[in-house]
Structure formats: structure tokens, C-alpha cells
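Novice: Dropping a prediction and its sequence here:
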Amino acid sequence: MSTGAKAALGCGGAIVILLVLLLMGACMSALSDDSPQEPRATSAPEAVTEAEVEETVEEEEEETTFPEPETLEYSGVGDSVVEVDFHDDARIASLSHDGTSNFTVRTLTSGGDNSDMLANVIGAYQGRVLYNAGEREETAALEISADGPWEITLEPLSTAVSWEEGEDEFAGAGDEVVQLDRTPEGITALTMTHDGTSNFAIWGYTRTDRDLLVNEIGAYEGQVSLTAGTLLLAVTADGNWTFGL
């Protein structure tokens, strides 16, 4: 073989080797491009967290419990007219008076009209009464008649004393608001006693209505039917009283 032929063969071989290397590089690049890729994110339902579950439960509980408005406190001496934060929700007024003459407390609407009579007694007094429990009632001020120092606290319904479920009897004294930790159903007989000398009255409240259970003067002992769904018992009394189921 001539020298020129050998040179041509050598050049051809080099070209073939170069082409093979190029093809191998292309294959490796293609294999690299075909490597698995991360799947695209798809929209899936968000997991419900424990906090969200608790929040839902709390919202459901709020439907069956009393609201928690701010407690308002007022005090003074003698006759006064006190403007309060306007509210039209039912609340409890805790009242006290350290005097010897007439003590009266009325709620006033924003138009200056009388709404609820919270207290009308002679001399020293301490008690808790329900107000704004009727329809379209509102409180914008308190009108007080007194001959001594007085204190008034306007509280949420949740501060009512609790008659726990499982307790057959409940006892108290004077004006009070009692919350039932049970829901009366069907025919429920409520037994009541009172050893005072003045008015003894009991109002039973459901979420939509109220019922005058008893309204007597002096000592009392008797039994009445408690309305199904009763939540609160508002007591007016000047002595000791008991409830029984």
C-alpha cells in the first residue's frame, strides 16, 4: 500500500472515531434530558388542621351558650342618672345599697323612657336581677333613687349561678338569677319554697319566651310545671328559697 493510501486510511479512521464519539455524546445528552422530572403540583383538598376543627366546635358551642359582653361597673351616693354603654342584650344587674330609705333603680332607653325596674326596696339591699329580657328593650342609662352609697354591676348572663345537672335541689336567698345546666323536656315538676314576708315571684325564660311560674306574698310552698326548654329562673324574694326537681 502506498504512503498516500495509508495517510487517507488513517484520516478516514480518525473521522470515523470522531463521529462515534459525537454520537455517544448525543446519546448521553438525550438520556440526561429524559431523566424523570418532579410531577407538577396538583390542587388537592387542604388538610383540616386540629385548630380548624376546634374552631368549628367552638362556633357550634357558641350557638348554645350565652354571649360574653363586657362587664360594666358604676357606683355613687344618693339620687343619680348614669349613662351606660348602650346595649339591648339581656344581662344581669348586681345591685347593692347601704341606706335606710327608698332604693329604686330603673333602666332608661335612649329616648329617656323607663324600661325595666331593677330594684324597689326600703333600706339596705343586695341582689341580682335579670333585665333586657323582653322584646325591643334597650338600656342607655340608669336612674337611681337612694339615700346612701350604691354599687351597680352589669354582667353577662354567664354569671348567673348554676344549678348543676344531677343536683335535685338548689337553695338561695333574695333576688337571684339561676341558670339551669339541664334542658327540661316534657312534663317537669318544679317544687319551690320561700320563708320571706314580701313578694315571691319566679319567671322562667326559654330562648324565645318567658313564663310567670309563681307570684305570691310571704311564705310559700308549692309545685308548678316547668316549661320545656327553660334556661333561666329569675327569682324575686326577700327570704330564703329552695328549688327541687
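Specialist: Right, received. Where do you want to start?

Novice: Please report how far D195 lies from T183.
Specialist: Using C-beta to C-beta, to the nearest Å, D195 is found at 29 Å from T183. The C-beta positions use only the backbone N, C-alpha and C, and glycine is treated the same way.

Novice: quick one, which of the two is more surrounded?
Specialist: Neighbour count, other C-beta atoms under 10 Å: between D195 and T183, D195 has more, with 16 against 13.

Novice: How about the contacts made by the more buried one?
Specialist: Counting by C-beta atoms under 8 Å, 6 or more residues apart in numbering, D195 touches A219, G239, N240, W241.

Novice: Check what pLDDT the closest residue to it other than its chain neighbours gets.
Specialist: Computed as C-beta to C-beta, 6 or more residues apart in numbering, the closest residue to D195 that is not its neighbour in sequence is G239, at 4.5 Å. pLDDT, G239: 96.

Novice: again, but for T3
Specialist: T3 is given a pLDDT of 44.

Novice: and this protein, what are its domains?
Specialist: For the chain, automatic domain parsing gives the domain ranges 72-157, 160-244.

Novice: Distance from the longest one to the middle of the chain?
Specialist: In this case it means domain 72-157. Relative to the centre of its chain, domain 72-157 is centred 24 Å away, using C-alpha atoms, centre = their mean, to the nearest Å.

Novice: lowest-pLDDT helix or strand in the chain?
Specialist: None of the helices or strands of the chain scores lower by mean pLDDT, DSSP states H and E than helix 3-33, at a mean of 44.

Novice: So what's the residue count around A160?
Specialist: Neighbours around A160, by other C-beta under 10 Å: 21.

Novice: same check, this time on S145
Specialist: For S145, using other C-beta under 10 Å, the count is 17.

Novice: For it, list each beta-bridge partner.
Specialist: Beta-bridge pairing for S145 (DSSP bridges): T104.
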